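# Need a 3D model of the sequence below.
(one chain, ligands or ions: 1)
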Amino acid sequence: MIRLGVNIDHVATLRQARKGRTPDPVEAALVCERAGCDSIVCHLREDRRHIQERDVFLLKDIVKTKLNLEMAAAEPIIKVALQVKPHQVTLVPEKREELTTEGGLDVAGQQTRLAAIVSSFKEKGIAVSLFIEAEERQIEAARTLQADSVEFHTGRYAEAEDETSSMKELNRLTRAAELALSTGLKVFAGHGLDYRNVVAICRLPGLEELNIGYSIIGRAVFCGLEQAVREMHHLIRTYEKKNT
Ligand code: PXP
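The predicted structure is shown next:
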């Protein structure tokens, strides 16, 4: 079964636009769970542009499914994460000036530094996922670090401008998923996925989890959050019913 993780960062983006109390991402998490999502995802950025520390602590208390904390492998954030003890952390690259996470984490290029960080989470019983590009050397590095899973960056697939480039990206992701599975890593995917492009990604071999934010929160403006999550969930379930 492919699980749906809903990223609620952009509920907090809206709240921070006025630096007020609403809309509250914690309330959003409750609605997403009522709609049947399998996990709640949020990214505590170093610049705190959307999710705040208060959100993460409250989310840990109220989330009944699974809390997946996206984060940079940076000391102050690691400290918070080890206090919060989410069910899972997803290590992502982070640049101050970016609009959203750009590209995957260069695990291969910083293996030694990441090794200590990955084991500090695993020692506390926190599952570790690494957000990477669909590249052999990144998968090998993730396996060496004994990460639990890799989340493949689907941004290039989502941004493909024609059928040929989209197929090329899907093939690249498929080969990467096969390799990751053969090394014992769980396969997750996310970034830029929406109601139109998600079904093709469901075909990735062994895919266990999809993490989706922007398109769901955007759709929620028109039809409500519960309905927006249900629609995405329905697309994934319908794919599975047809293919099992
Ligand atoms: N997965 C990871 C690791 C991410 O960094 C993001 C963006 O925060 C997402 C999934 C969700 O991407 P989107 O908001 O484009 O659906």
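# Give me the nearest residue to the residue nearest in space to the middle of the chain, chain neighbours excluded.
The centre of the chain sits closest to Asn211, judged by CA atoms, centre = their mean, with a distance of 4.1 Å. Excluding its sequence neighbours, the residue lying closest to Asn211 (CB to CB, 6 or more residues apart in numbering) is Gly190, at 3.5 Å. For glycine as for every other residue, the C-beta is placed from the backbone atoms N, C-alpha and C.
# Now that neighbour. Its backbone dihedrals?
phi 180, psi 160 (degrees, to the nearest 10).
# and it, how many neighbours?
25 (other CB atoms under 10 Å).
# can you give me the helices in the chain?
Along the chain, the stretches classed as helices by DSSP state H are 9-18, 25-34, 53-62, 75-84, 111-123, 136-144, 155-159, 163-182, 198-202, 214-223, 225-243.
# Need the winner for burial among these.
helix 25-34 (a mean of 21; mean count of other CB atoms under 10 Å).
# Quick one: distance of that one to the chain centre.
Chain-centre distance of helix 25-34: 16 Å, with CA atoms, centre = their mean, to the nearest Å.
# Quick one: list the elements packing against that helix.
helix 9-18, strand 39-43, helix 53-62, helix 225-243 (3 or more CB pairs under 8 Å, 6 or more residues apart in numbering; DSSP states H and E).
# before we move on, back to that, is it possible to get CSV of the helices of the chain that adds distance to His43 and mean pLDDT?
Converted to CSV, the helices of the chain look like this (distance: least, CB to CB, whole Å; pLDDT from 0 to 100):
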stretch, distance to His43, mean pLDDT
helix 9-18, 5, 98
helix 25-34, 11, 98
helix 53-62, 10, 98
helix 75-84, 10, 98
helix 111-123, 16, 97
helix 136-144, 19, 98
helix 155-159, 15, 97
helix 163-182, 22, 98
helix 198-202, 20, 98
helix 214-223, 12, 98
helix 225-243, 18, 96
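# Of all the ones you listed, which one is nearest the ligand?
helix 214-223 (3.5 Å; CB to the nearest ligand atom).
# Report all helices and strands that the closest one contacts.
Helix 214-223 packs on strand 3-7, helix 9-18, helix 225-243, going by 3+ CB pairs under 8 Å, 6+ apart.
# Let me have those in a markdown table, adding distance to the ligand as columns.
Output for these, formatted as a markdown table (distance: least, CB to the nearest ligand atom, whole Å):
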| stretch | distance to the ligand |
| --- | --- |
| strand 3-7 | 5 |
| helix 9-18 | 6 |
| helix 225-243 | 10 |
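# before we move on, the earlier item: residue contacts, the residue nearest to the centre of the chain?
Residues in contact with Asn211 (CB atoms under 8 Å, 6 or more residues apart in numbering) are Gly5, Val6, Asn7, Ser39, Val41, Asn68, Thr90, Glu151, Phe188, Ala189, Gly190, His191.
# Pick the one among these closest to the ligand.
So of these, ranked by how close each gets to the ligand (CB to the nearest ligand atom), first place is Gly190, at 3.1 Å.
# wait, doesn't that closest one sit right on Glu151?
Yes: counting by CB atoms under 8 Å, Gly190 touches Glu151, with 5.6 Å between them.
# Can you check which residues contact both of the two?
Phe131, Asn211.
# ok, now how distant is the closest residue in space to Glu178 that isn't next to it in sequence from Ser165?
Sequence neighbours aside, Pro205 is the residue nearest to Glu178 in space, at 5.3 Å (criterion: CB to CB, 6+ apart). Separation of Pro205 from Ser165 (CB to CB, to the nearest Å) stands at 21 Å.
# got the residues of the chain near the ligand?
Contact residues, the chain versus the ligand (CB under 6 Å from any ligand atom): 7, 9, 43, 70, 90, 92, 100-101, 131, 151, 190-193, 211-215.
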